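Q: sequence? don't have it. structure:
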């Protein structure tokens, strides 16, 4: 039984990047041996085990054989006779097919180190085309390492284009697609991710509303993302909203179901798409501000307006003084207490009417002092 560190941890060590998680391959072992050593198995049909102390993943060396369509149509063989080289051969890219033994020696049968030095993302074998998810993964890796000068090997990009043309991407679940998008948002390189997917013909297949995608929008988005603090709580959400801002409101209707994205992302993207044009004005009309506050349900869900302002503050087209003034108007309107209306003797539906008038007056004092 031999244990090797594999995949992203080895790659990132060679690139002198922080290693966030470590995965291991175990050669020459059976599931029974792993369980006897105290490892716990993850899933029934997949030979992955968690270390009893570190909880890091240890997978038995395996080969995969394609059966049917999609990224899940594989039969795995994880017999103890499977070699490390066979396991590495099934991996997507040469830079991810490097292993390190317990003495620190690198095992690199497919020249991954050379491709790292040359800053090239290259598929290991033609088996790459059996998994359509790899089109998105390679686009994500190319985006993540774009700042280091990485590019996709021409033959790999050609293979990705062929995979898209074969319509295999249609077999991907929306959840897996969103997982790759979210990781690219985490990396802060969604515009590079999109540019690559557009080159291979996949962009509007996974995000149908991105018919407007262009180099100009990519540049604007990249500039906006560079100004963001990647430690802030809504880092990914702000990028997402700026990314989809040019969409029509109709195109974003029901995207949480169609794309399987979080409701918060979908709602915030629709809010920004709907109100961005208003925010572009140097002066905002009182009635327009009140209508926006009502649409955002400021009175019960002020966090929606807060998110809108966070996105707007990252939009180079919008002046900060417009956002500041709107925030002051929102605070003034929120300060109008329904109890004060009731105290004046109003009853029934008249309370709602008078409350709206009082809020409008409060907004007017800020917008038209």
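A: Yep, it's here. As the structure is a prediction and not an experimental result, all values here were calculated from the model. Residues are numbered from 1 along each chain as shown.
Q: what's the distance between the residue nearest in space to the middle of the chain and residue 236?
A: In the chain, the C-alpha nearest the mean C-alpha coordinate belongs to residue 182, at 1.4 Å (Cα atoms, centre = their mean). From residue 182 over to residue 236 the distance is 7 Å, taken as Cβ to Cβ, to the nearest Å. The way it works is simple: take the backbone N, C-alpha and C, and place the C-beta from them, glycine included.
Q: so the residue nearest to the centre of the chain touches residue 239, yeah?
A: No - in this structure residue 182 lies outside contact range of residue 239 using Cβ atoms under 8 Å: 10.4 Å.
Q: what's the helix or strand for the residue nearest to the centre of the chain?
A: Element membership for residue 182 (DSSP states H and E) is helix 174-187.
Q: if we look at that helix, which residues are touching it?
A: 71, 133, 136-137, 139-140, 143-144, 190, 193, 206-207, 235-236, 239-240, 258-261 (Cβ atoms under 8 Å, 6 or more residues apart in numbering).
Q: burial of residue 136, as a residue count?
A: If you count neighbours by other Cβ atoms under 10 Å, residue 136 ends up with 25.
Q: Tell me which stretches of the stretch 151-300 of the chain form strands.
A: Along the stretch 151-300 of the chain, the stretches classed as strands by DSSP state E, counting those that start in this stretch are 151-152.
Q: Now do the helices in it.
A: Assigned by DSSP state H, counting those that start in this stretch, the stretch 151-300 of the chain shows helices spanning 154-165, 174-187, 190-199, 203-206, 215-226, 235-244, 255-258, 263-279, 286-295.
Q: Would you mind giving these as JSON lines with mean pLDDT added?
A: Shown next, in JSON lines, are the helices of the stretch 151-300 of the chain (pLDDT from 0 to 100):
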{"stretch": "helix 154-165", "mean pLDDT": "98"}
{"stretch": "helix 174-187", "mean pLDDT": "95"}
{"stretch": "helix 190-199", "mean pLDDT": "97"}
{"stretch": "helix 203-206", "mean pLDDT": "95"}
{"stretch": "helix 215-226", "mean pLDDT": "94"}
{"stretch": "helix 235-244", "mean pLDDT": "97"}
{"stretch": "helix 255-258", "mean pLDDT": "93"}
{"stretch": "helix 263-279", "mean pLDDT": "96"}
{"stretch": "helix 286-295", "mean pLDDT": "95"}
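Q: I'd like to know which of the ones you listed lies nearest to residue 18.
A: helix 174-187 (12.7 Å; Cβ to Cβ).
Q: distance between the ends of stretch 52-62?
A: Taking Cα to Cα, to the nearest Å, the first and last residues of stretch 52-62 lie 22 Å apart.
Q: Looking at it now, give me its mean pLDDT.
A: Averaging pLDDT along stretch 52-62 gives 94.
Q: So for that stretch, what gets flagged as buried?
A: 57, 58, 59, 60, 61, 62 (16 or more other Cβ atoms under 10 Å).
Q: Show me what the stretch of helix or strand the second one belongs to is packed against.
A: Assigned by DSSP H and E, residue 58 belongs to strand 57-60. Applying 3 or more Cβ pairs under 8 Å, 6 or more residues apart in numbering; DSSP states H and E, we find strand 57-60 packed against strand 23-27, helix 31-36, strand 48-50.
Q: Pipe these into TSV and attach mean neighbour count per row.
A: Converted to TSV, those look like this (neighbours: other Cβ atoms under 10 Å):
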stretch	mean neighbour count
strand 23-27	20
helix 31-36	13
strand 48-50	19
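Q: Which one of these lies nearest to residue 85?
A: strand 23-27 (9.8 Å).
Q: List the pairing partners of that closest one within its sheet, with orientation.
A: strand 2-6 (antiparallel), strand 57-60 (parallel) (DSSP bridges).
Q: Residue 222: which of those is closest?
A: Closest among the strands paired with strand 23-27, using Cβ to Cβ: strand 2-6, at 32.4 Å.
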